[in-house]
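# sharing a model that was predicted from the sequence below.
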Amino acid sequence: MHLIPCPCCGPRAEDEFHYRGDATVKRPAPDAGEQAFYDFVYTRANPRGWHVEWWHHYAGCRQWVKVERNTMTHEIRTAVGPAEDIPEVQV
Amino acid sequence: MPARPEPIADRYSAWRLLKEGLGGNKGWKPAWRKPEPKPHYDVIIVGGGGHGLATAHYLASVHGITNVAVIEKGPIGLGNGGRNTTIVRSNYGLPSNTRFYEWSLKLWEGLEQDLNYNVMMSQRGVVNLFHTDAQRDVAVRRGNSMRLQGVDAELLDRDGVARIAPFLALDNPLFPVYGGLLQARGGTARHDAVIWGFARAADRRGVDIIEHCEVTGIRREGGRVTGVETTRGFIGAGKVGVAVAGNTTRLADMAGLRLPVETHLLQAFVTEAIKPLIDCVVTFGVGHFYISQSDKGGLVFGGDLDGYNSYSQRGNLPLVEHLMAAGVSMIPAFSRLRVLRQWAGVMDMTMDSSPFICKTPIDGLYFNGGWCYGGFKATPGSGWCFAHTIAKDEPHAFNADLTIERFREGRLIDERGAGPNPWAQ
């Protein structure tokens, strides 16, 4: 079970959330061209490791949360609000 | 029909069993060798699962290409070949899928003779239940689509379902069973035997199966593949075929390609062994739940994805609870059973829920992946089509639509119509 640290509600179980995919994908400008829109709709980096992704806290505060989670270990490093950026990690 | 392969040396037969039994069983050879990698092969297949081994088998048996290596990072068959619910069927609605999966089912029907190996193929029938008038309409449409394409489909009413599956909660007040769509030629096969059978058949025709050898890079010169870097050194190749569903993105990264794929978890479960109860495959029409009974007696079942990107090969608890609830709703007696084992595999989930078997922009590099939930039933068809695509450098009609370019061209094969959301497929 993932315990997701919602910025509004604190740590909450994964089944209070809907997963909504890769949060690094941004809608391109209307004139960005076909390739940009193809990548926006279809292609994904799909990393084996750290992944920034959307979770919608539908059974809690109903906020969209941006979560940095490891797709290999399921470790969750950070969760921030939708307008915020994931802080850089000092390695 | 394709050329039928030659019988393999070192055949298994009743006569051989008797002879070896009387001789102390000293004459059996290992089902596949453990060769050292050669410096160069005509074709290298990356991934020693069912699809990779099947590809090697059909390259050797149908196309006569035997200077082939299958490279696997661990022991063969420990990925999704060993982590599935063993269901075989071809009850799809869209022609691109039906053509391919029906060819795969036909190969399954002759697979044991082809491989000289008992894969325990059992055509016990697959029933998809429906519980509303609207679901019945969808089932009728899919059944008609199947029949128009020469695939068997039979619409059962409630009593028809009751005859073959009396253990179901037929009159559940929330979701009574209105009937089901039966594909009688569908069924199950023994997943590990499929791996071993393809490995042995490929090995006996000269294919090198190289285990514990992980690919770390794909070497290219002037837009053409020249071989693969591995943990056991560079191995040259004229052509490289990648069949590593779950990890296809990682191989694509090595070749500088981006794919419409996310990697997701799918769990499956086995209960303790019980006396014969379920002699077909049944799928629930309310939750996503499918169940059959193995020859050992355990009930084998699975359901939805966990629903988030993961390469971990271990499932999570919310899905377990959801799945057990669906199972008990469908078969109330299910609540008295104990679950013996649980496992999770990692799926290539594409943006339209259909796979790809295709060429890539790099000459001599071919991709086979995106199998979503459907990889096991596709094993022989996937290997057959991939072998054709590699040998002829062009797809067969059966896999001509299964490209990666279909997303760019708007020719999606979206059986479910769930949009470009892999977790919803």
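Nice, I can see it. Numbers count the residues shown, from 1 in each chain, chains lettered A, B, ... in the order given.

# got a pLDDT number for residue 19?
Using chain A here. On pLDDT, residue A:19 comes in at 96.

# could you do chain B instead?
pLDDT at residue B:19 comes out at 94.

# now what about the strand or helix carrying it, what contacts it?
Using DSSP states H and E, residue B:19 falls within helix B:14-22. With CB atoms under 8 Å, 6 or more residues apart in numbering or on different chains as the test, helix B:14-22 has contacts from B:26, B:27, B:28. C-beta coordinates here come from the backbone N, C-alpha and C atoms, glycine included.

# distance of the last one relative to chain A?
Looking back up the chat, that one is residue B:28. 40 Å (CB to the nearest CB, to the nearest Å).

# number of nearby residues for that residue?
11 (other CB atoms under 10 Å in any protein chain shown).

# stretch B:303-317 and chain A in contact?
Yes. Applying CB under 8 Å from any CB of the partner chain, one finds stretch B:303-317 touching chain A at B:307, B:308, B:309, B:310, B:311, B:312, B:316, B:317.

# after the helix holding residue B:19, which helix or strand is next?
strand B:40-46.

# can you pull the buried residues of that following strand?
B:41, B:43, B:44, B:45, B:46 (16 or more other CB atoms under 10 Å in any protein chain shown).

# who does the first one form a beta bridge with?
Per DSSP bridges, residues listed as beta-bridge partners of residue B:41: residue B:237.

# I'd like the distance between it and residue B:390.
12 Å (CB to CB, to the nearest Å).

# now do the second one
Summarising the geometry, the distance separating residue B:43 from residue B:390, computed by CB to CB, is 6 Å.

# list the residues that contact both of these two?
B:59, B:239, B:241.

# confirm that the first one sits in a strand.
No. Assignment of residue B:59 by DSSP: H, G, I helix; E, B strand; the rest coil gives helix, placing it outside any strand.

# and it, what does it touch?
B:43, B:65, B:66, B:68, B:207, B:387, B:390, B:391 are the contacts of residue B:59 under CB under 8 Å, 6+ apart.

# so which of those sit within helices?
Counting by DSSP state H, the contacts of residue B:59 place B:387, B:390, B:391 in helices.

# spell out which parts of chain A neighbour chain B.
Counting by CB under 8 Å from any CB, chain A sits next to chain B at A:1-2, A:13-15, A:19, A:21-22, A:34, A:38-39, A:41-48, A:51, A:53, A:69, A:71-74.

# swap the cut-off to 7 Å and go again
A:1, A:14-15, A:19, A:21, A:38-39, A:41-44, A:46, A:48, A:51, A:53, A:71-74 (CB under 7 Å from any CB of the partner chain).

# quick one: is the helix or strand that contains residue B:266 near chain A?
Element membership for residue B:266, per DSSP H and E: strand B:261-273. Yes. Judged by CB under 7 Å from any CB, strand B:261-273 and chain A are in contact via B:261, B:262, B:263.

# is the closest residue to residue A:76 other than its chain neighbours in a helix, a strand, or coil?
Nearest residue to residue A:76, sequence neighbours excluded (CB to CB, 6 or more residues apart in numbering or on different chains): residue A:69, at 4.9 Å. Three-state call for residue A:69 (three-state DSSP): strand.

# okay, now the sheet partners of the helix or strand hosting residue B:307, with direction.
If you go by DSSP H and E, residue B:307 is part of strand B:298-309. When pairing is defined by DSSP bridges, strand B:298-309 lines up against strand B:261-273 (antiparallel), strand B:290-293 (antiparallel).

# could you save those as TSV and add columns showing mean pLDDT, mean neighbour count and distance to residue B:424?
Output for the strands paired with strand B:298-309, formatted as TSV (pLDDT from 0 to 100; neighbours: other CB atoms under 10 Å in any protein chain shown; distance: least, CB to CB, whole Å):
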stretch	mean pLDDT	mean neighbour count	distance to residue B:424
strand B:261-273	97	22	11
strand B:290-293	97	23	18
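
# who touches the residue nearest to residue B:76 when sequence neighbours are not counted in this structure?
In this structure, residue B:76 finds its nearest non-sequential neighbour in residue B:48, 3.7 Å apart by CB to CB, 6+ apart. Residue B:48 makes contact with B:70, B:72, B:76, B:209, B:211 under the criterion CB atoms under 7 Å, 6 or more residues apart in numbering or on different chains.

# what's the closest of these to chain A?
residue B:72 (17.7 Å; CB to the nearest CB).

# how about the secondary structure of the residue nearest in space to the middle of chain A?
Centroid check for chain A by CA atoms, centre = their mean gives residue A:53 as the closest residue, at 1.5 Å. Residue A:53 falls in the strand class when you classify it by three-state DSSP.

# ditto for residue B:404
coil.

# and it, how far from residue B:195?
Distance from residue B:404 to residue B:195, counting by CB to CB: 26 Å.

# does residue B:125 really touch residue B:181, like I thought?
No. If you go by CB atoms under 7 Å, residue B:125 and residue B:181 don't touch, sitting 10.9 Å apart.

# between these two, tell me which one has more neighbours.
Taking neighbours as other CB under 10 Å, residue B:125 and residue B:181 compare with residue B:181 leading, 25 against 22.

# quick check: beta-bridge partners of that one?
Applying DSSP bridges, one finds that residue B:181 bridges with residue B:128, residue B:155.

# surely it meets residue B:138?
No. Under the criterion of CB under 7 Å, residue B:181 is not in contact with residue B:138, lying 9.0 Å apart.

# residue boundaries of the helices in chain B?
B:14-22, B:50-61, B:95-109, B:111-115, B:133-148, B:158-164, B:191-204, B:248-254, B:317-330, B:375-392, B:406-409.

# other residues contacting the third one?
Read that as helix B:95-109. So helix B:95-109 is contacted by B:88, B:90, B:92, B:121, B:146, B:149, B:151, B:185, B:189, B:354, B:377-378, B:380-381, B:384-385, B:398-399, B:401-402, B:413, B:415 (CB under 7 Å, 6+ apart).

# 6 Å - rerun?
Outside of helix B:95-109, the residues within contact range by CB atoms under 6 Å, 6 or more residues apart in numbering or on different chains are B:88, B:90, B:92, B:121, B:149, B:151, B:378, B:380, B:381, B:398, B:401, B:413.

# what sits closest to the residue nearest to the centre of chain A if chain neighbours are left out?
Residue A:53's closest residue in space is residue A:23 (CB to CB, 6+ apart), at 5.3 Å.

# report the separation between the residue nearest to residue B:306 when sequence neighbours are not counted and residue B:327.
Counting by CB to CB, 6+ apart, residue B:306 lies nearest to residue B:265, which is 4.1 Å off, once chain neighbours are set aside. Distance, residue B:265 to residue B:327, by CB to CB: 18 Å.

# equivalent analysis for residue B:267, please.
13 Å.

# need the residues of the stretch 301-425 of chain B near chain A, please.
Selection of the stretch 301-425 of chain B residues close to chain A by CB under 6 Å from any CB of the partner chain yields B:307-312, B:317-318, B:351, B:407-408, B:420, B:423.

# on the pLDDT front, check the spatially most distant residue from the centre of chain A for me.
Within chain A, the residue lying farthest from the chain centre (CA atoms, centre = their mean) is residue A:31, at 26.0 Å. Per-residue confidence (pLDDT) for residue A:31: 97.

# again, but for residue A:90
62.

# tell me which residue in the stretch 1-150 of chain B sits closest to chain A.
residue B:73 (13.0 Å).

# is it true that that residue touches residue B:215?
No. Taking contacts as CB atoms under 6 Å, residue B:73 lies outside contact range of residue B:215: 7.3 Å.

# okay, the two: which has more neighbours?
residue B:215 (23 against 19).

# how many residues are close by residue 68?
This is for chain A. Around residue A:68 there are 18 residues (other CB under 10 Å).

# meant chain B, my bad for not saying
27.
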